[in-house]
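J.: Provide a 3D model corresponding to the input given below.
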Amino acid sequence: MKGMINFNLSLAVVEADASNPNVFMLRPYTKWAPGSTTDKDEDEDRVYIFDTTGSEHSREKWVEVLQKHMEKAKERHARRSTAKSTAASEYWEDETVDEEQALAAAKLVEKLEAKKRARQAH
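T.: Model (predicted):
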């Protein structure tokens, strides 16, 4: 299953695992806001653990890119009251996301990508 975290709704922290060179964690800065993850249990404190074993990218590259995405989302978060919503999400495989949530997330992604294409066309 695939899942999603919307960094525009919740700030996050990414940390490398000290005991495994392939593992990193992603946790909420405070709590996951409602709707910011596709976790079917809606665990506001959930720490996501990712293992990059077998990935084409190293853990360092994953952490670097996630940090960049989170910085952009943090900037948007700071000016949220004056700017309209812009997607800043990450996707991953997650067995705790049920099929209905995965389909809803996929539809949302399609809608956001269509909006982005429409804005770029103008």
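J.: other SSEs contacting the lengthiest helix in the chain?
T.: Longest among the helix segments of the chain by residue count, using DSSP state H, is helix 99-121. Applying 3 or more Cβ pairs under 8 Å, 6 or more residues apart in numbering; DSSP states H and E, we find helix 99-121 packed against strand 2-6. No exception for glycine: its C-beta is placed from N, CA and C like everyone else's.
J.: sorry, back to before: now do the longest helix of the chain and strand 2-6, the angle between them.
T.: Per axes from the mean of the first three to the mean of the last three Cα atoms, to 10 degrees, the angle that helix 99-121 makes with strand 2-6 is 60 degrees.
J.: List the buried residues for helix 99-121?
T.: For helix 99-121, burial by neighbour count (16 or more other Cβ atoms under 10 Å) applies to 101, 102, 105.
J.: Could you do stretch 29-42 as well?
T.: By neighbour count on 16+ other Cβ under 10 Å, the buried set for stretch 29-42 is 32, 36, 37, 38, 39, 40.
J.: what distance separates it from the middle of the whole chain?
T.: Stretch 29-42 sits 10 Å away from the centroid of its parent chain (Cα atoms, centre = their mean, to the nearest Å).
J.: For residue 56, what are phi and psi?
T.: Phi and psi for residue 56, reported as degrees, to the nearest 10, are phi -70, psi -10.
J.: How about the secondary structure of residue 42?
T.: Three-state call for residue 42 (DSSP: H, G, I helix; E, B strand; the rest coil): coil.
J.: And the pLDDT for the residue lying closest to it once chain neighbours are set aside?
T.: Counting by Cβ to Cβ, 6 or more residues apart in numbering, residue 34 is the residue found nearest to residue 42 once chain neighbours are left out, at 7.2 Å. With respect to pLDDT, residue 34 scores 91.
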